[in-house]
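Enquirer: using only what follows, build the 3D model:
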Amino acid sequence: MTADNHVTAEHTLVHLTPLSIAHCTAIAAGERQSNWAGDYPSAGDRFIALGTLERPEEPFPWCHYQVLLASGLLIGGAGFHGAPVNETVEIGYGIVGSQRGRGCATQAVALLLQIAQEAREVAVVRATTLPTNRASQRVLEHLNFSRIQDAGEEFVYLKSVE
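Expert: You can find the predicted model right below:
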């Protein structure tokens, strides 16, 4: 984590920046920004932005982040579904269609794992996918998450970060 709250790693395509209230307000108002990918925001990004406006007290670092390319192009979001509970934190992520298939989601999730590994209160990271979302499943499998169960409408993945 850098002094300005950016999360980066060596040889990375992307970096994470905490989602700001100003950014959420722009999404809610439909005010496009010059650094947004053409298909940003997705429905998921809108959902997260509206939720953040309703609950702006998410504690750092257990918040939502913008996923940006090194060029500054905003291509999606990634983050935590709240602070850890019983040493477990849940993540979510999404990259807009025009930017998929290049490893950006994998790197964004790796950066979330880095945050979780640095926190003493986290032992396990949890993620879920729809059974039909094979791309998201590949991201988690590539990062050595284990699928532990099929919970009806979703697959549940866990990774130890101790």
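
Enquirer: and the pLDDT for N5?
Expert: Looking at N5, its pLDDT is 53.

Enquirer: give me the element the residue positioned nearest the centre of the chain is part of.
Expert: Centroid check for the chain by CA atoms, centre = their mean gives A78 as the closest residue, at 1.3 Å. Under DSSP states H and E, the secondary-structure element containing A78 is strand 74-80.

Enquirer: re the thing from before, hey, what's the residue nearest to the centre of the chain bridged with?
Expert: On the basis of DSSP bridges, A78 is bridged to Y65, Y93.

Enquirer: who's in contact with it?
Expert: If you count contacts by CB atoms under 8 Å, 6 or more residues apart in numbering, A78 has them with 16, 64-65, 67, 91-94, 105, 108-109, 111-112. To be clear about C-beta, it is placed using only N, CA and C from the backbone, and glycine gets the same treatment.

Enquirer: of those residues, buried ones?
Expert: Among the contacts of A78, the ones that count as buried by 16 or more other CB atoms under 10 Å are 16, 64-65, 67, 91-94, 105, 108-109, 111-112.

Enquirer: quick one: F155 is in a helix?
Expert: No: per DSSP: H, G, I helix; E, B strand; the rest coil, F155 lies outside any helix segment and is strand.

Enquirer: show me the contacts for it.
Expert: T128, T129, L130, P131, Q137, R147, Q149 are the contacts of F155 under CB under 8 Å, 6+ apart.

Enquirer: which residues pair with it across the strands?
Expert: T129, D150.

Enquirer: and the residue nearest to the centre of the chain, how close does it get to A29?
Expert: Relative to A29, A78 is positioned 23 Å away (criterion: CB to CB, to the nearest Å).

Enquirer: same check, this time on R46
Expert: Per CB to CB, R46 is found 11 Å from A29.

Enquirer: counting neighbours, go ahead and name the busier of those two.
Expert: The residue with more neighbours, out of R46 and A29, is R46; 14 against 8, by other CB atoms under 10 Å.

Enquirer: for that one, which three-state class applies?
Expert: For R46, the secondary structure call by three-state DSSP comes out as helix.

Enquirer: skipping adjacent residues, who's closest to it in space?
Expert: The shortest distance from R46 to any non-neighbouring residue, by CB to CB, 6 or more residues apart in numbering, is to I27 (5.9 Å).

Enquirer: then D45?
Expert: What sits nearest to D45 in space, not counting adjacent residues and going by CB to CB, 6+ apart, is G77, at 5.2 Å.
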